[in-house]
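Trainee: model this:
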Amino acid sequence: MRMFRAALVVLSLSLAACGGGAHGTSSGGPGLVPAGATRGAAGLVTEARTARIATAGARIEERASTSTGRAAQSATVGSSNTATADMPVPRPRTTPCVVPLFTGVSFADFSPKPYQFTPPAACPRPWAKVVLEADISVNAGRQFDRTATIGLGGATIYFGTTSEPSRTVARSWHVERDLTDLSALLATPQSGQVSIGNVVNSTYTGVLQGSAKLDFYPPGDDTPAPRVPDIVVPLADSIGNPVALQTSSDTLSRSFAPPPKVERAYLDVIAQSQIGDEFWYTCFPNDLAAKLNNCGNTAFRETEVAVDGRPAGVAPVYPWIYTGGIDPYLWRPIPGVQTLNFVPYRVDLTPFAGTFDDGASHQVALSVFNANHYFSVTGTLLLFLDPDAKGALSGALDSDTLAATPPVNVTEGGSYDASGNGSGTIDTSSRRDYVITGHVHTSHGLVSTEVRSSIAFVQHQDVVNSPTSFVQNIRQGTDIVAQSSSRGGGDRDEETGDLNGLSTFSWPLTLKFSYVVNSDNSSAQATSLEQGYVAHTERSKRRFASDHTNTVTTSDTLNFDPSGALTSTTGNASAQTYSYRDTTGTCYGRKVTSANGVVTTNAPTGC
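Mentor: Sure thing, here's the model as predicted:
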């Protein structure tokens, strides 16, 4: 028996993140699918696809000190509905004005669903907080995971993927996002649209439905309105959908001409891997990819940021895994880290603020290094203006050591014969260390800003391929240190304009995968995986600090009979642990575990 494709089997029981940002369906994913001696991958995968399993979501009780004390949907022990330990957005104690965006909208095709937004008259600006809440469900039946986005005023205000249903169990889940930084966009009536591209027919019967609303919280005695960006510049398509970037040379750009009063600037970035890039962390160097019929361009990707064609920042790519990825049973009932609700990466562009104050038009652009068909990308540019400026500000970019492309080091060990049989190792690494400085003459004096970043990516792969087995073990880590510091201008604090900050991130991923064909042509696919998102933040000379950890571990084995039909799963178990603590007193901790697709525990931890 022969494996004509020898790389991570991602058993493509899914059309992984189907919908591609609502632009089209996926074709399965780049991981290599093994073939039995007589039936091959097509028969095995076809049978396996009929047993697609997935998850849906649940809201976990909030324990933040700023909570309104509202009841939260919890992961019910004994339930097979999706369970997450994710922390709801902390809220002020004031009573919000609630503005529905859309209610009970069905998604059975690829057409965006429009809606209209009007800000609440009873809760005028400024707001202490604005929170997006969305509830999405899918009926029992067969359906793939889909990409979901909500656009408003041309900006992407939500970006994530959906849970896959099972044949007998409908799924429902809840997501929240803090939109306070988009207050300027929300201050006026806007047109919006929601996109969940979906195929519904006699085979794929799952119809998705969704509702969303915005909660506007007025300031209170202990929760004043924070300073928020004065201008929001979306980087998306005309209706707020992410844009597909097929290769490294493709860009998503936006030209803008701000008032010459910009003193701070940030860019929030999300780059979602799709189709050939969905499992980018399993890819090989091109020489080995051709021999083993796997995805190429190495196992490294990153998002590049440019201002007026000049390197301006880097947004590392998080390895999100969707509920149909690798083995759908892995994510039943607990999805991967941020699978249902992507968290953007913020790039500090403040050294370019002086450049933005010259009265001319400027361009911010995004591209994805090593993109290989494709990444779905969106961004939101946030500009703070000098509130006391009487005329135009002036300034300049002073220095920029960021190279246009990253250095990537790849070392291959071992050997493979002409048929691809053999074993070896692949070590891939990339490190960025750069400093960008700039200054602005503001109403409160000269302000000089330095942005210093260090980004280290390291991955090791062990790969074994034979006529009857394939093994791929991956250990990967992305470590980030991003520091911003400003001097001058009276050393104003965060509320009036200056923001000194330190952010560190650690994104570990461990994946162990094996596919073995037995002498009777039966086979088994075993997977174990751990992914994490660890963040530490300090702002305004340590007056605020927070620590945030989100970790998911999961394992499963798929067993197939000689015809390629899925007969059973064994060793199915998963867990998510989520914790958050900050210096304001907010503290949250929860752990959810499951076995054989059913929630076994849901308990608070650490607070």
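
Trainee: tell me where this structure has helices.
Mentor: With DSSP state H as the criterion, the chain has helices at 40-49, 183-186, 286-292, 353-356.

Trainee: low-scoring stretches of this structure, by residue?
Mentor: Low-confidence segments of the chain, defined by pLDDT under 70: 1-74, 490-499, 541-542.

Trainee: Gly324 contacts Pro165, doesn't it?
Mentor: No. Using CB atoms under 8 Å, Gly324 is not in contact with Pro165; the gap is 11.1 Å. In this view, the C-beta of every residue, glycine as well, is placed from N, C-alpha and C.

Trainee: between those two, which is the more surrounded one?
Mentor: Gly324 (35 against 29; other CB atoms under 10 Å).

Trainee: assess the claim that Val337 and Val552 are in contact.
Mentor: Yes. Using CB under 8 Å, Val337 is in contact with Val552, at 5.2 Å.

Trainee: so these two - more neighbours on which side?
Mentor: Val552 (26 against 22).

Trainee: so who does that one touch?
Mentor: Counting by CB atoms under 8 Å, 6 or more residues apart in numbering, Val552 touches 334-337, 529-532, 574-576.

Trainee: again, but for Asp433
Mentor: 453-455.

Trainee: now, which of these sits nearest Asp250?
Mentor: Ile455 (21.7 Å; CB to CB).

Trainee: so how far is Pro224 from the closest residue to the closest one other than its chain neighbours?
Mentor: Leaving aside its sequence neighbours, Ile455 sits nearest to Arg432 (CB to CB, 6 or more residues apart in numbering; 4.3 Å). For Arg432, the distance to Pro224 equals 37 Å [CB to CB, to the nearest Å].

Trainee: higher neighbour count, those two?
Mentor: It is Arg432, of Arg432 and Pro224, that has more neighbours when counted by other CB under 10 Å, with 18 against 12.

Trainee: could you pull out the strands for the stretch 101-250 of the chain?
Mentor: Using DSSP state E, counting those that start in this stretch, the strands of the stretch 101-250 of the chain run over 113-117, 129-138, 147-152, 155-161, 171-178, 190-196, 208-217, 231-235, 243-247.

Trainee: and the last one, how far from the chain's centre?
Mentor: How far strand 243-247 lies from its chain's middle: 16 Å, per CA atoms, centre = their mean, to the nearest Å.

Trainee: and the first one, by the same measure?
Mentor: Shown here is strand 113-117, whose average C-alpha point lies 24 Å from the average C-alpha point of the whole chain (CA atoms, centre = their mean).

Trainee: counting neighbours, what do you get for the nearest residue to Ser399 once chain neighbours are set aside?
Mentor: Excluding its sequence neighbours, the residue lying closest to Ser399 (CB to CB, 6+ apart) is Thr437, at 4.7 Å. Using other CB under 10 Å, Thr437 has 18 neighbouring residues.

Trainee: surely Thr437 touches Thr401?
Mentor: No. Counting by CB under 8 Å, Thr437 stays clear of Thr401, with 9.3 Å between them.

Trainee: list the residues that are in contact with both of these two.
Mentor: If you check Thr437 and Thr401 against CB under 8 Å, 6+ apart, no residue is contacted by both.

Trainee: circling back: buried ones only from the contacts of Val552, please, as a ChimeraX command.
Mentor: Selecting only the buried entries of the contacts of Val552 in ChimeraX, with 16 or more other CB atoms under 10 Å as the criterion:
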select :334,335,336,337,529,530,531,532,574,575,576
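
Trainee: which of the contacts of Val552 lies closest to Val98?
Mentor: Pro335 (27.0 Å).

Trainee: so that closest one makes contact with Ala85?
Mentor: No. Taking CB under 8 Å as the definition, Pro335 is not a contact partner of Ala85, at 10.8 Å.

Trainee: which residues does Leu446 contact?
Mentor: Leu446 makes contacts with 439-440, 488-489, as judged by CB under 8 Å, 6+ apart.

Trainee: let's see 7 Å
Mentor: By CB atoms under 7 Å, 6 or more residues apart in numbering, Leu446 lies in contact with 439, 488-489.

Trainee: all good on my end, thank you.
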